[in-house]
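Trainee: kindly return the folded structure for what I paste below:
(one chain, ligands or ions: 1)
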Amino acid sequence: MRHTSWAVLNTVVCAAGVASVLCLLPLGAQANGFQNFDDAALIDQVAGAVARGYGNMHGYRVQFKMLHESTPYESALMTQYTPANRTCTFFINPKDTSWHSFEHYLQFFEGLPKKVVYEAFFAHESGHCVQFKEQIDFGPVERAQRQELYADVFALSHVERYYPKYRPAFQIGLMKMRSVEKGTPYDFSRLLHKLLGQPDLLTALKVTGPQERAFAIARAVDRL
Ligand SMILES: [Zn+2]
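Mentor: The predicted model follows:
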């Protein structure tokens, strides 16, 4: 698999809506700003469908923003929820050297269709916005870690509802991905394992109503 050039992604800033005379927008440019790199068209489609899908379900707006290449964040993708205008902003980090790029993550999910994995990544990020939109708070102790756990289970719920036959494999990949994290907010594989072992977790993943489902997932995390 060719290494993704996040540097090239930087040129996409134009397509993401930042006006500049230096920008040369190809005709027919896609709406969400993911292009000019491997799997761009697929990610663009997934980003639009999944991110906006959860926005519609939970009643918030979605926008995409490219970060400057020098921004010192490690994640390829981040979100921020602004309650005042009910907007979930997806920040895309074009930094080439970041370990946290889509393709690096993909290695943990070998055998799964890329579409399923990419959708799960965007569902994870959407999970963060949903958590804030629904005013779910895990309290001051271990908040950062529990928010990430919540987002992971949110992604798992997405896979269970849309691609149920891939849910067990995705779950294994998720465990593998978190097992290599040491000393980061994602260093929670032991807790994730415990969470995934809860007998009624599957029921929570499948709750039909978006809001009820968001709270059911939160209760599962709270039980840890
Ligand atoms: Zn996250």
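Trainee: low pLDDT regions in the chain?
Mentor: Within the chain, the stretches with pLDDT under 70 are 1-40, 69, 72-74, 94-102.
Trainee: show me what residue of it gets nearest to the ion.
Mentor: Ranked by CB to the ion, the top residue of the chain for proximity to the ion is residue 151, at 4.3 Å. (C-beta placed from N, C-alpha, C; glycine too.)
Trainee: my guess is that residue contacts residue 132. True?
Mentor: No: contact criterion CB atoms under 8 Å: residue 151 and residue 132 do not qualify, at 11.1 Å.
Trainee: and these two? Which one has more around it.
Mentor: Neighbours were counted for residue 151 and for residue 132 using other CB atoms under 10 Å; residue 151 has more, 22 against 18.
Trainee: return the set of buried residues in the helix or strand encompassing that one.
Mentor: Using DSSP states H and E, the element containing residue 151 is helix 143-162. By neighbour count with 16 or more other CB atoms under 10 Å, helix 143-162 contains the buried residues 145-160, 162.
Trainee: where do the helices sit along the protein?
Mentor: Along the chain, counting by DSSP state H, helices occupy 6-9, 40-46, 52-58, 102-106, 114-133, 143-162, 167-179, 189-196, 201-206, 210-222.
Trainee: and the fourth one, what does it pack onto?
Mentor: Right, the one you point to is helix 102-106. helix 114-133 (3 or more CB pairs under 8 Å, 6 or more residues apart in numbering; DSSP states H and E).
Trainee: rerun that using 6 Å as the cut-off
Mentor: If you count contacts as 3 or more CB pairs under 6 Å, 6 or more residues apart in numbering; DSSP states H and E, helix 102-106 packs onto no helix or strand.
Trainee: re the thing from before, give me the neighbour count for the residue nearest to the residue of the chain closest to the ion when sequence neighbours are not counted.
Mentor: With CB to CB, 6 or more residues apart in numbering as the criterion, residue 151 has its nearest non-adjacent residue at 3.8 Å, and that residue is residue 127. The burial count assigned to residue 127 is 26, neighbours taken as other CB under 10 Å.
Trainee: follow-up on the earlier one: quick check: angle from the helix holding residue 151 to helix 167-179?
Mentor: 160 degrees (axes from the mean of the first three to the mean of the last three CA atoms, to 10 degrees).
Trainee: what sits against residue 201?
Mentor: Neighbour list for residue 201: residue 220 [criterion: CB atoms under 6 Å, 6 or more residues apart in numbering].
Trainee: try it again with 10 Å
Mentor: By CB atoms under 10 Å, 6 or more residues apart in numbering, residue 201 lies in contact with 153, 156-157, 160, 171, 195, 216-217, 220, 223.
Trainee: ditto for residue 209
Mentor: By CB under 10 Å, 6+ apart, residue 209 lies in contact with 57, 215-216.
Trainee: for the ion, what are the nearby residues on this protein?
Mentor: Within the chain, the positions lying close to the ion (CB under 5 Å from the ion) are 148, 151.
Trainee: 6 Å - rerun?
Mentor: Residues of the chain lying near the ion by CB under 6 Å from the ion: 124, 128, 148, 151.
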